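Colleague: How does the following fold in three dimensions:
(2 chains)
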Number of protein chains: 2
Amino acid sequence: METAQISHLLVEKMQSIVGSPYVFADQENLYAYSHDETEDLSFLPDVVVKPAIPLEVSRIMQFCNEHKIPVTARGAGTGLSGAALPVHKGILLSMERFNKIIHIDEINHQATVEPGVITQVLQEAAMEKGLFYPVDPGSRGSCSLGGNLAQSSGGPRAVKYGTTRENVLNLEVVLPTGEIIWTGANVLKYSTGYNLTQLMVGSEGTLGIITKAVFKLRPYPTHKLVMLVPFASAEQACEAVNAIFMAGISPSCLEFMERDAIEWAVRYTGSTIEIPANVQAHLLIEVDGNEMDLLYKDAERIYEVLSRYEVGEVLLGESSQQQEELWALRRKVPYAVRHTSVYKEEDTVVPRGHLPQLLKGVKEIGRKYNFTSVCYGHAGDGNLHVNIIKGDMSEEEWNRKLPEGIREIFSLCVRLGGTISGEHGIGYVQKPYIGIALPDINLALMRGIKQVFDPNGILNPGKIF
Amino acid sequence: METAQISHLLVEKMQSIVGSPYVFADQENLYAYSHDETEDLSFLPDVVVKPAIPLEVSRIMQFCNEHKIPVTARGAGTGLSGAALPVHKGILLSMERFNKIIHIDEINHQATVEPGVITQVLQEAAMEKGLFYPVDPGSRGSCSLGGNLAQSSGGPRAVKYGTTRENVLNLEVVLPTGEIIWTGANVLKYSTGYNLTQLMVGSEGTLGIITKAVFKLRPYPTHKLVMLVPFASAEQACEAVNAIFMAGISPSCLEFMERDAIEWAVRYTGSTIEIPANVQAHLLIEVDGNEMDLLYKDAERIYEVLSRYEVGEVLLGESSQQQEELWALRRKVPYAVRHTSVYKEEDTVVPRGHLPQLLKGVKEIGRKYNFTSVCYGHAGDGNLHVNIIKGDMSEEEWNRKLPEGIREIFSLCVRLGGTISGEHGIGYVQKPYIGIALPDINLALMRGIKQVFDPNGILNPGKIF
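Modeller: Below you'll find the model as predicted:
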């Protein structure tokens, strides 16, 4: 049969499952779902399908499994590794209609949600009940919980509260056979066979389709303090990160920004904050809790630690408006970078004490391959987002040198005890580098696991390995 | 060949790998390694082997894989589910010589250890450097970290700091092929393919042999306060557990003990603590941190919550001696139970708000099947250890009714959103009940994963499923 005919039959079948209004094969829609926020990549699916209930997903999976049609699940399309791109065409399964918060259980401090719920929507719904969903990816206002689960997304608060992985209890998953399972139980500790919940988190849609999730909530911390600390040396800033922990402080966020990062953000946002010429980096430090007194004590101890370094004037955010201003700068860095140049972002992660070596190494590699970089990220977790800037490199030089440079950066991460992604996932764009982080034996085990869940290889083919 | 001949050849081969002093086939040794702390079960292995380095484990695995000889790894033999019992004979692989703390990394707050290290030994070594390994199973003075990883052991502090699962970063594992892998990286966040580390934790020695582990450490909390709170009603005590969290307090421990549990412990330890006639249960509450002022504030808020219930005089442990006395009672409960009657311990876990229903249900089921029970455990996690007491039941009645009663208790856990083991694992003794917690599809996925890692089924056969 012709491709056009196949597509036609596929569309008809999908319409019979989810209803005509939720199946799209027109160019405009195919294009809209062909890309995420990973650079300028675009892969058109054959058809976009928007189911609303697990049973529809189940029927879609049964059909696709039987006919070996690729199925790529997509949350809100904010991914940074291309994990939701339908690189082998087939069905783009948009989970956007799975958008209900099913239950916020105030007794057990749990939320049962559908995967299409936007992260911030859950945060706010929990907050209304005095509860806290702490995971806070940069794109919290637009990313979905399903995507967060697929990539094990983190964000600034992971340093105190963990990533998505540490905050999920149980998942409802549709397997390629169409069978619907719960991976575990709604409990805080679990020792009942292999942990399928944790296996599913970070598996990037290659093992099953998540249709419900039970998250752990906590009491909402009522107070916080934010500090923006300028350093004369970026390496000293990285060193201070560790010194803060060594002093026994558990910050709720500990973010690092190179001079360029914050300077670009200031320019991009039109902020009035001035950055003195000798400042090379900033740390954004947040502490949270229920007692303001204690937070001021934490701040004092942090000042004490900082006094050992060459730091400028610390901006203290006490009111929520001041805090928002300081955070806005950090949050706008990725947008400022994107606005300033073509770039390639890497999600490096190392034991946090090795951040100074990582940063130094990245700059050396940049000099070798003639690229500049802007680094920022979740320093408290050792998770540094390295943005390689194209600037005025030629297209040819960029395409030739970039992969070599990335390869060296990743090798450095692994040498330092780290790995190539802390929270963005491998997806499509990091796949060529997976061998740097994982030897063949590990990859063979992962392929074996994939085979158990998805023997026909229909789920998000072409990703991770 | 005769079994005796096989054994002889096996002993010779093992001697050639680890050296004669570390291979045992005499009855005394076989018996010593035939049981753990799971009731009175005993299964003799063919041979006990004590390797000391990963390469020896690798060579043992290669040989056993080729000859399809069962290999059951054992830590310190303190397990409560029979996971380390060599029920299919073969090799009992004692990991006791893997007893080195390789490195406590004060910069990165990480410990690299061998699996035979006793949990308390790591705790103390970390404490000497101002660092904290928080996982604290009841048997911390005798259990090993490898066993903790195999079962995802918890203990009282899991409520604030997580179980073993939440405190491990990376594992060195020997596969049945003899290949040696690291499952991940030494990082706080990880999004680089399937999470093999979390898959290994709780897999009870059925997927590979752990030969090194990297754990996360934290700054040592310098202060704590302990409260022992008597309640006139056990159900009210369970309700108070949740009310404490609802008030925004994060206790470092929140333990529940029924009247019998503490009474038996008082008698067993010869403690002078008196339990008034109207007291039906106790909560043992601990808060920790770095500021004594704040802990007293926490205590005040806890008193406020408690004032809503019918509680007796609260014993406050301020000095470390007072705290030790209060804790000793809780710690001795399992020994007191063991000392008082033949019993069967179940490791039930539910969402913590459902503890009152669980407790009520357990008592009802007991009345139906004519057994008494003593319940205690980690109420902050919803993890209740149900000790079914034989008392003066006849052997026949005990053997006939017990499995039915357990089945009903486990079914109740699952109906309440919980499961059949929170921290002891399934091992051998809970295996008949696994189907209550997990449907066939989940078990088929687990068997598939097992097949990927261990196609010849040599690793700890006869366990979990």
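Colleague: Measure how buried the closest residue to A:Gln62 other than its chain neighbours is and give me the count.
Modeller: Spatial nearest neighbour of A:Gln62, chain neighbours left out: A:Gly178 (3.7 Å); criterion: CB to CB, 6 or more residues apart in numbering or on different chains. In short, each C-beta sits where N, CA and C put it, glycine included. For A:Gly178, the count of nearby residues is 18 (other CB atoms under 10 Å in any protein chain shown).
Colleague: Quick one: name the residues of the stretch 351-465 of chain A near chain B.
Modeller: A:351-354, A:378, A:381-383, A:414, A:417-426, A:434, A:437-439, A:441-443, A:445-446, A:448-449, A:451-453, A:464-465 (CB under 8 Å from any CB of the partner chain).
Colleague: Now the phi/psi pair for the residue nearest the centre of chain A, please.
Modeller: The centroid of chain A falls nearest to A:Ser153 when counting by CA atoms, centre = their mean (3.5 Å). Dihedral angles of A:Ser153 (phi, psi; degrees, to the nearest 10) stand at phi -60, psi 150.
Colleague: Can you give me the buried ones in stretch A:398-407?
Modeller: A:401-402, A:405-406 (16 or more other CB atoms under 10 Å in any protein chain shown).
Colleague: of all these, which comes closest to B:Ala336?
Modeller: The closest of the buried residues of stretch A:398-407 to B:Ala336 turns out to be A:Ile406 (CB to CB; 60.6 Å).
Colleague: Give me the residues contacting the helix or strand hosting A:Leu358.
Modeller: Here A:Leu358, judged by DSSP states H and E, is contained in helix A:355-369. The contact list for helix A:355-369 (CB atoms under 8 Å, 6 or more residues apart in numbering or on different chains) reads A:234-235, A:238-239, A:241-242, A:256, A:348, A:350, A:372-373, A:375, A:379, A:382, A:384, A:386, A:388, A:401-402, A:404-405, A:408-409, A:412-413, A:416, A:418.
Colleague: circling back: make a markdown table out of the buried residues of stretch A:398-407 and add secondary structure and pLDDT.
Modeller: Shown next, in a markdown table, are the buried residues of stretch A:398-407 (DSSP: H, G, I helix; E, B strand; the rest coil; pLDDT from 0 to 100):
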| residue | secondary structure | pLDDT |
| --- | --- | --- |
| A:Lys401 | helix | 92 |
| A:Leu402 | helix | 94 |
| A:Gly405 | helix | 97 |
| A:Ile406 | helix | 97 |
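Colleague: Who are the packing partners of the helix or strand containing A:Glu396?
Modeller: In this assignment (DSSP H and E), A:Glu396 forms part of helix A:395-415. The contact analysis (3 or more CB pairs under 8 Å, 6 or more residues apart in numbering or on different chains; DSSP states H and E) places helix A:395-415 against strand A:343-349, helix A:355-369, strand A:383-389, helix A:434-437.
Colleague: Contact residues of the stretch 1-150 of chain A facing chain B?
Modeller: Within the stretch 1-150 of chain A, the positions near chain B by CB under 8 Å from any CB are A:105-110, A:130.
Colleague: what do you get if the cut-off is 10 Å, keeping everything else the same?
Modeller: Residues of the stretch 1-150 of chain A lying close to chain B by CB under 10 Å from any CB of the partner chain are A:81, A:83, A:105-110, A:112, A:130-132, A:150.
Colleague: Filter those residues down to the ones in strands?
Modeller: A:105, A:110, A:112, A:131-132 (DSSP state E).
Colleague: circling back to that earlier point, might you report the residue contacts of the residue nearest to the centre of chain A?
Modeller: Contacts for A:Ser153 (CB atoms under 10 Å, 6 or more residues apart in numbering or on different chains) come out as A:78-80, A:119, A:135-140, A:143-145, A:147, A:163-165, A:201-202, A:422-425, B:189, B:191.
Colleague: Relative to chain B, which of the buried residues of stretch A:398-407 is nearest.
Modeller: Of all the buried residues of stretch A:398-407, A:Ile406 has the smallest distance to chain B: 14.4 Å, by CB to the nearest CB.
Colleague: What distance do you get for that closest one to B:Val414?
Modeller: 47 Å (CB to CB, to the nearest Å).
Colleague: A:Glu128 too?
Modeller: Counting by CB to CB, the gap from A:Glu128 to B:Val414 is 31 Å.
Colleague: the more surrounded of the two?
Modeller: The neighbour comparison of A:Glu128 against B:Val414 (other CB under 10 Å) goes to B:Val414, with 17 against 9.
Colleague: Surely the more buried one touches B:Ile434?
Modeller: No: in this structure, B:Val414 is not within contact of B:Ile434 by CB atoms under 10 Å, at 11.3 Å.
Colleague: which neighbours do the two share?
Modeller: Contacts common to B:Val414 and B:Ile434, judged by CB under 10 Å, 6+ apart, are A:192, B:420.
Colleague: mind listing what A:Ala261 touches?
Modeller: With CB under 10 Å, 6+ apart as the criterion, the residues that contact A:Ala261 are A:255, A:281-282, A:329-330, A:332-334, A:336-337, A:374-377, A:385, A:387.
Colleague: and A:Glu239, what does it touch?
Modeller: A:231, A:233, A:308-309, A:353, A:355-356, B:107.
Colleague: Check which helix or strand the closest residue to A:Met61 other than its chain neighbours maps to.
Modeller: Of all residues not flanking A:Met61 in the chain, A:Gly178 sits nearest, at 4.8 Å (CB to CB, 6+ apart). Using DSSP H and E, A:Gly178 maps to neither a helix nor a strand.
Colleague: Please parse chain A into its domains.
Modeller: Each domain of chain A is listed here as a residue range: A:3-94, A:101-219, A:221-336, A:341-454, per automatic domain parsing.
Colleague: Turn these into TSV, columns for distance to B:Gly361.
Modeller: Converted to TSV, the domains of chain A look like this (distance: least, CB to CB, whole Å):
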stretch	distance to B:Gly361
domain A:3-94	29
domain A:101-219	16
domain A:221-336	35
domain A:341-454	35
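Colleague: Buried deepest among those domains, which one?
Modeller: Per-stretch averages of neighbours, counted by mean count of other CB atoms under 10 Å in any protein chain shown, single out domain A:101-219 among the domains of chain A, with a mean of 23.
Colleague: quick one: the host helix or strand of A:Ile285 to helix A:355-369, angle?
Modeller: Per DSSP H and E: A:Ile285 is located in strand A:281-289. Calculated by axes from the mean of the first three to the mean of the last three CA atoms, to 10 degrees, strand A:281-289 forms an angle of 150 degrees with helix A:355-369.
Colleague: ok, is strand A:281-289 in contact with chain B or not?
Modeller: Yes: under the criterion of CB under 10 Å from any CB, chain B is reached by strand A:281-289 at A:Gly289.
Colleague: Report all helices and strands that whichever helix or strand comes after that strand contacts.
Modeller: Under the assignment DSSP H and E, the closest C-terminal helix or strand after strand A:281-289 is helix A:292-306. Here helix A:292-306 touches strand A:223-231, helix A:234-246, strand A:281-289, strand A:315-317, helix B:292-306, going by 3 or more CB pairs under 10 Å, 6 or more residues apart in numbering or on different chains; DSSP states H and E.
Colleague: Would you reformat the ones you listed as JSON lines and include distance to A:His67 and mean pLDDT?
Modeller: Listed next are the helices and strands packed on helix A:292-306 as JSON lines, based on distance: least, CB to CB, whole Å; pLDDT from 0 to 100:
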{"stretch": "strand A:223-231", "distance to A:His67": "53", "mean pLDDT": "97"}
{"stretch": "helix A:234-246", "distance to A:His67": "52", "mean pLDDT": "93"}
{"stretch": "strand A:281-289", "distance to A:His67": "51", "mean pLDDT": "96"}
{"stretch": "strand A:315-317", "distance to A:His67": "56", "mean pLDDT": "96"}
{"stretch": "helix B:292-306", "distance to A:His67": "58", "mean pLDDT": "94"}
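Colleague: Export those to JSON lines and append columns for distance to A:Met14.
Modeller: As requested, the helices and strands packed on helix A:292-306 are arranged in JSON lines below (distance: least, CB to CB, whole Å):
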{"stretch": "strand A:223-231", "distance to A:Met14": "47"}
{"stretch": "helix A:234-246", "distance to A:Met14": "50"}
{"stretch": "strand A:281-289", "distance to A:Met14": "46"}
{"stretch": "strand A:315-317", "distance to A:Met14": "50"}
{"stretch": "helix B:292-306", "distance to A:Met14": "54"}
